[in-house]
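Colleague: structure for this input, please:
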Amino acid sequence: GNCAAAEHLGPFWVDATAPSTVIALNSTSHSAETPSTDSTIDLEWMAATDNLSGVVGYAVDVSTSATWTCDKVKDTTALATSTTREDGSWYAHVCAADEAGNWGDVASAGPFIIDTIAPEVLAVHAEGSTTDGILSEDEGVLTAVTQLAVDFSEIVAPLGGDRGIADPSPYHVLTTGPNGVLDTVECTAIPAGDDVGIAVDGAWTWSDEETVSLQIAEPTGLHAGRYGLLVCDVVDLAGNALPAPFIREFTVNAGNLLSDPNFDHVEAGHWETDSP
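Modeller: You can find the predicted model right below:
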């Protein structure tokens, strides 16, 4: 009835519970949905928790997809990381692993938008004045121009306080003075030489927000003469500026009154109203 000394083996830990989902995943370099010229996305998050074996690392993915299935590959043990990406919209995904090999759910953040490309002027339009709708360099138009529109390669600022309203200050409409030459070609002196500035009454964006329309302040529009549209101090939403001031020169040959689509020469005495 004598008992030998006991032998002990263990403990055997059983941990079948995944660690918690990472919380407070965010970027310290980018704001979600706000374009930035910074190509390096810095990420941080709060540590996940685990009920027994403890968190040992994290899998991290930065991709163009808003969702991700955890690849269960430990990329880091830190609570922060950085990655460099090309222009585009990027989403960050993180999942935690514990010592037993359990993986937690994926936490996601973004999109973080990288934009390093400067905006461009793609085309200029003059209301009712050209057969193809495009106002080309040195083109002559046959109607008094009441509106101009500028197509950009992307949304540009400054925008106004309300959706659809744009700031007219970067857009300058000029006509030549007695020398017949448009002297204003830089943004440092407006107008330059003997050029004369034409007021812009207001500006607004089209539905895609990549086209800005300008209302000419002249009540009957731009009449016969040599003109230029100068665009200055325009940047995209990430802060990339036009690589150089944009200027489009054109001529208005307002000789045929029937070509006026708005019949807006009444105030100048070109048209008379006739009551029925």
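Colleague: from now on I want contacts and neighbour counts done on CA atoms only, so please keep to that.
Modeller: Will do.
Colleague: quick one: the spatially closest residue to Ser36 that is not a sequence neighbour and Leu229, what's the gap?
Modeller: In this structure, Ser36 finds its nearest non-sequential neighbour in Ala238, 4.6 Å apart by C-alpha to C-alpha, 6 or more residues apart in numbering. For Ala238, the distance to Leu229 under the criterion C-alpha to C-alpha, to the nearest Å works out to 25 Å.
Colleague: what does Thr143 give?
Modeller: With distances taken as C-alpha to C-alpha, Thr143 is found 17 Å from Leu229.
Colleague: try Thr83
Modeller: 42 Å.
Colleague: could you pull up the residues touching the spatially most central residue of the chain?
Modeller: When the chain is reduced to its mean C-alpha position, the closest residue under C-alpha atoms, centre = their mean turns out to be Leu237, at 4.0 Å. Remark: with contacts taken as C-alpha atoms under 8 Å, 6 or more residues apart in numbering, Leu237 is in contact with 34-36, 155-157.
Colleague: which of those residues ranks first by neighbour count?
Modeller: Within the contacts of Leu237, most neighbours by other C-alpha atoms under 10 Å means Val156, with 25 neighbours.
Colleague: report pLDDT for the residue lying closest to that one once chain neighbours are set aside.
Modeller: If you skip the residues right next to it in sequence, Val156 has Asp236 as its closest partner in space, 4.1 Å away by C-alpha to C-alpha, 6+ apart. For Asp236, the pLDDT comes out at 93.
Colleague: where does Asp236 fall, phi/psi-wise?
Modeller: Dihedral pair for Asp236: phi -80, psi -180, per degrees, to the nearest 10.
Colleague: also Tyr91?
Modeller: The main-chain torsion angles of Tyr91 are listed as degrees, to the nearest 10 and equal phi -120, psi 140.
Colleague: gap between it and Arg85?
Modeller: Following C-alpha to C-alpha, the distance that separates Tyr91 from Arg85 is 11 Å.
Colleague: neighbour count for the two, which is higher?
Modeller: Just comparing Tyr91 and Arg85: by other C-alpha under 10 Å the higher neighbour count belongs to Tyr91, 19 against 16.
Colleague: contacting residues around the more buried one?
Modeller: For Tyr91, the contacting residues are 62-66, 108-112, by C-alpha under 8 Å, 6+ apart.
Colleague: 6 Å - rerun?
Modeller: For Tyr91, the contacting residues are 62-64, 66, 109-111, by C-alpha atoms under 6 Å, 6 or more residues apart in numbering.
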